[in-house]
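*Asks:* This is a predicted model, with the sequence first.
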Amino acid sequence: MRRLLTFILTILLISGCGNTPEDGASIKGLEQNDKDPSKKVILVLIDSMTGSVIDRTKEKGTIPSLQFLIDNGQYYKELVAPFPSMSVVIESTILTGKMADEHKIPGLNWYKVNEDRYVDYGASLKKLIKLSPEQTIEDSLYHLNNTHLSPNVTTLFEDLHEKGYSTGSVNFIVYRGPKSHSMNIPPVFRETIGLPEGFKTMGPDLLAFGQLVKPKALKDKQLPESVFRKLGLNDEFSVEATKAIIQSEEQPDFLTVFLPDFDREAHENSIHYLKGFERAETFFQEILNGYESWDKALEENIFIVLGDHGQDKLIDNDVELTIDLEHLYEDFSIAPLGDKVSDYDLAFANNHRMTYVYAPNQTEAIPKLAKIAMSDERIAMASWNDGEWNYVLSPKYNDFFRFKRGDHYHDRYDQGWDIEGEEKVASIKIDEHNKELKYVDNPDVLNQLDTALQSNDIPALILTANPGFQFYSEGAPIHEGGGEHGGIHANDTLAALIIAGTDKKPKYLRMVDLKDYIIDLLEEDKTNIN
């Protein structure tokens, strides 16, 4: 029974973790500093939604609500995720407008140097048990938002509060905001795992997160939040909670909503599992159904619907698909889960299609570790920083490539770079005549590598996998023949974006740029009450 309960809680953590407002906050009772947008903004994140899955279901006529938004708005197929392409990194980037070097959430898994331990926000049951359920839950429920997410960056919730707008979140993983809230832990988990009764955290004005969260708008609602429904961490809860918030006139000026279920189905069945996406779209329809009509929904709101990443299709052979990190570095001692990392030569923070390799006692060995990785052709790239330059190696090329921020070449995002060596190593092309740098297989690869390398407290080696493959280390999940992400390839990092209710276009199709875009939408669309 304990193992079953632990497994259920693991599912909760994989989906993300939330909290409960200590006062059952009401949007109606908030002072708005004399600002009120003529249209509110609703951002809906459908996990793993890509352009390819939209197009294939759209052709069948099985996604009418998304088709309605596309027909009445903007549709993009190449929204670039940050790196590593894992949900905690992505939501941190969307809400802060910064990459991992600034928001300091390096991945789903990473090494926390000052505590000499692995951080894991809930990747698998095996990891949960070995790292201790208490520590993983505390990291996910409390530290992610309150101590790990850098205090040197601000979130959308915090910035919009300063500008006089109300904010809310339904089932988002990252939610730090200006208001103090309480997270209530169900008694069954307190008793079986030894957790405290609850935690305090900072969040937006309105929070809804499964059974753990009950703002006033949901107090008397019957919602799918049982233990067997992942405590409400499911698509049905997300949309029913959002409908209740809308219909009770508790909708804030800016609201984030997370629909997690398709991601789990895509991991198991691959990104091409259309039935799973059609089911997610059916739930999304219910948000639009919360208004008098779909047209009315667009009259009152700007909808931003996006995927957080893609998923690469893995080969159907668990031996061939897994790049065994312990075998690759068999001549070194590897830190097991739960042990002090500094007692060993190496530690792996495995983010599935990318991995951080740490050498806590001899960081000068990282270039050697990169060369060892070149023995496995399933590895796409190895990258590290020497204090000035970022270096990249690839098994495909007997050459090196290095880069740093500069002004010699510019890319599509107006970022400047200095480069040396064979650019094909990083899958980019150089236009010498126009001094332009163009990306091939890995969108925004230089910015993604540079910021990921700067996100950790000590130097680390980054390894990325070629399409079809993933890394394996102790406790890592394997999705043979299914889907996986975390990597830097377009398969991992390109998601779909639909915007309806405004003609304003985003400047760049990157998640890191959405924060400024959303603030501009509200600021340009405000009216003065007085």
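*Replies:* Yep, it's here. On a predicted model such as this, the values are computed, not experimentally measured, just so you know.
*Asks:* Residue 328 and residue 373 touch, don't they?
*Replies:* Yes - under the criterion of C-beta atoms under 8 Å, residue 328 is in contact with residue 373, at a separation of 6.6 Å. Quick note: C-beta positions are derived from backbone N, CA and C, even for glycine.
*Asks:* Report the central residue of this structure.
*Replies:* Central residue of the chain (C-alpha atoms, centre = their mean): residue 87, 2.1 Å from the mean position.
*Asks:* List the residues that contact residue 334.
*Replies:* When contacts are counted by C-beta atoms under 8 Å, 6 or more residues apart in numbering, residue 334 touches 325, 326, 344, 345, 346, 347, 348, 473.
*Asks:* do residue 352 as well
*Replies:* Residue 352 makes contact with 86, 108, 470, 471, 476, 477, 484, 485, 486, 487, according to C-beta under 8 Å, 6+ apart.
*Asks:* next one: residue 121
*Replies:* 13, 17, 88, 108, 109, 136, 139, 140, 144, 173.
*Asks:* Out of these, the closest to residue 204 would be?
*Replies:* Nearest to residue 204, judged by C-beta to C-beta, of those is residue 173 at 13.4 Å.
*Asks:* Now for the residue nearest to the centre of the chain: which residues touch it?
*Replies:* Here residue 87 is in contact with 16, 47, 108, 173, 263, 308, 309 (criterion: C-beta under 8 Å, 6+ apart).
*Asks:* Would you check which pair of the contacts of residue 121 lies furthest apart?
*Replies:* Farthest pair in these (C-beta to C-beta) is 17 and 109. Separation: 15.6 Å.
*Asks:* worst-scoring helix or strand of the protein, pLDDT-wise?
*Replies:* One helix or strand of the chain scores below all others by mean pLDDT, DSSP states H and E: helix 2-15, with a mean of 39.
*Asks:* pLDDT-wise, what's the bottom of the contacts of residue 121?
*Replies:* Comparing pLDDT over the contacts of residue 121, the lowest score belongs to residue 17 (36).
*Asks:* any idea of the mean pLDDT for the longest strand along the chain?
*Replies:* The single longest strand within the chain, with elements called by DSSP state E, is strand 401-410. Averaged across strand 401-410, pLDDT comes to 98.
*Asks:* Name all residues that make contact with residue 92.
*Replies:* Residue 92 makes contact with 98, 100, 103, 105, 149, 174, according to C-beta under 8 Å, 6+ apart.
*Asks:* With distance to residue 442 and neighbour count added, can I get these in a markdown table?
*Replies:* Shown next, in a markdown table, are the contacts of residue 92 (distance: C-beta to C-beta, whole Å; neighbours: other C-beta atoms under 10 Å):
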| residue | distance to residue 442 | neighbour count |
| --- | --- | --- |
| 98 | 20 | 20 |
| 100 | 16 | 28 |
| 103 | 21 | 27 |
| 105 | 21 | 25 |
| 149 | 26 | 23 |
| 174 | 25 | 26 |
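*Asks:* Take those residues and keep only those in helices.
*Replies:* Within the contacts of residue 92, residues falling in helices by DSSP state H are 100, 103.
*Asks:* Residue 337: which of the contacts of residue 92 is nearest?
*Replies:* Using C-beta to C-beta, the contacts of residue 92 come closest to residue 337 at residue 105, 19.8 Å.
*Asks:* gap between that closest one and residue 317?
*Replies:* Applying C-beta to C-beta, to the nearest Å, the value for residue 105 to residue 317 is 33 Å.
*Asks:* Could you pull out the strands in the stretch 401-530 of the chain for me?
*Replies:* Ranges of strands within the stretch 401-530 of the chain are 401-410, 416-421, 428-431, 436-439, 461-465, 470-472, 483-484, 494-500, 526-528, based on DSSP state E, counting those that start in this stretch.
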